[in-house]
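Engineer: coordinates only, no sequence provided:
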């Protein structure tokens, strides 16, 4: 299929192939089902295009079966595969090399699925190599600027800095950690629905602990998971760490039981303090409420916190004291 894409004001035509995946070892995968790249094209010495067929139904990606949006984690995985493919396919990096991703800046601009058709899942990724890192006459890394398009619309971008090592050097860096078997003593898993998942196998956190405004979870290193551990690893993959952070944040937000009670009491206290006034400045009251709630969540003294901030609003809005009870209910 010929794809015409407009990027940076230049129309580029390329007959991208979406019929089959690239060789799995070029993206460090053991199973073809986990390979999303399908074709590649070299524009010049340091600029490339790669075609990818985004997953619509997958054991991990789109687990919620929401076919109106692309799974952001899938976009992130496509960028990861692109970076490794470019290193092997265009820069001749040995397949035995060990990769480390030093830093990344990932941005999602859009993720909606425009229509229920294969074309909505066919992506083109443009890749510009901003820097080839050298040391002692050898290349050891790339700085990449990657942009993902669907039907000429930019969906996501990623700036990635990565390095690679020869196996012996990597073994010296890792020491005796290689091929560690990760275990969790008490995998009391959290219900998947509360984490935005359908399959229990995609729940990656356990042992949720809450102390005051702090929350803690433990990662479940399920090495039988077909997406996170497609092949043996001597580390927890970044995709698992990112998913654990996402799930932990979501679960913390939905389990702020003690904080909810504190906020209820703060709101009630401030609104009742003006309940007997004929009229009062609502925004002054709301400022006080927000300040005290923020101080509570941050574990700071309210007066110290208030001294560092300006009032949220100078606007005066008069409120009838007869409706104070409803104010408490609505604002809560």
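Structural biologist: Good, I have the coordinates. The structure displayed is predicted, hence computed values, not measured ones.
Engineer: quick one: buried residues of stretch 263-270?
Structural biologist: Within stretch 263-270, the residues that count as buried by 16 or more other C-beta atoms under 10 Å are 263, 266, 267, 270. Backbone N, C-alpha and C define where each C-beta goes, glycine included.
Engineer: right, and the third one touches residue 289 too?
Structural biologist: Right, residue 267. Yes - assessed by C-beta atoms under 8 Å, residue 267 is found in contact with residue 289 at 5.6 Å.
Engineer: circling back to that earlier point, can you add pLDDT and give the buried residues of stretch 263-270 back as CSV?
Structural biologist: Formatted as CSV, these follow (pLDDT from 0 to 100):
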residue, pLDDT
263, 79
266, 84
267, 84
270, 82
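Engineer: what is the nearest of the residues you listed to residue 105?
Structural biologist: residue 263 (34.3 Å; C-beta to C-beta).
Engineer: helix, strand or coil for that closest one?
Structural biologist: Here residue 263 is recorded as helix under DSSP: H, G, I helix; E, B strand; the rest coil.
Engineer: what's the separation between the residue lying farthest from the centre of the chain and residue 301?
Structural biologist: The centre of the chain is farthest from one residue, residue 278, which by C-alpha atoms, centre = their mean lies 49.9 Å away. From residue 278 across to residue 301, the span is 33 Å (C-beta to C-beta, to the nearest Å).
Engineer: now do residue 130
Structural biologist: Distance from residue 130 to residue 301, by C-beta to C-beta: 47 Å.
Engineer: and the strands in the stretch 1-150 of the chain, which stretches?
Structural biologist: Ranges of strands within the stretch 1-150 of the chain are 2-7, 10-15, 37-44, 47-53, 98-108, 122-135, 138-150, based on DSSP state E, counting those that start in this stretch.
Engineer: for these, give me JSON lines that also has distance to residue 115, mean neighbour count and mean pLDDT.
Structural biologist: Shown next, in JSON lines, are the strands of the stretch 1-150 of the chain (distance: least, C-beta to C-beta, whole Å; neighbours: other C-beta atoms under 10 Å; pLDDT from 0 to 100):
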{"stretch": "strand 2-7", "distance to residue 115": "16", "mean neighbour count": "14", "mean pLDDT": "53"}
{"stretch": "strand 10-15", "distance to residue 115": "22", "mean neighbour count": "11", "mean pLDDT": "68"}
{"stretch": "strand 37-44", "distance to residue 115": "20", "mean neighbour count": "17", "mean pLDDT": "96"}
{"stretch": "strand 47-53", "distance to residue 115": "16", "mean neighbour count": "22", "mean pLDDT": "97"}
{"stretch": "strand 98-108", "distance to residue 115": "20", "mean neighbour count": "14", "mean pLDDT": "93"}
{"stretch": "strand 122-135", "distance to residue 115": "12", "mean neighbour count": "17", "mean pLDDT": "96"}
{"stretch": "strand 138-150", "distance to residue 115": "11", "mean neighbour count": "19", "mean pLDDT": "96"}
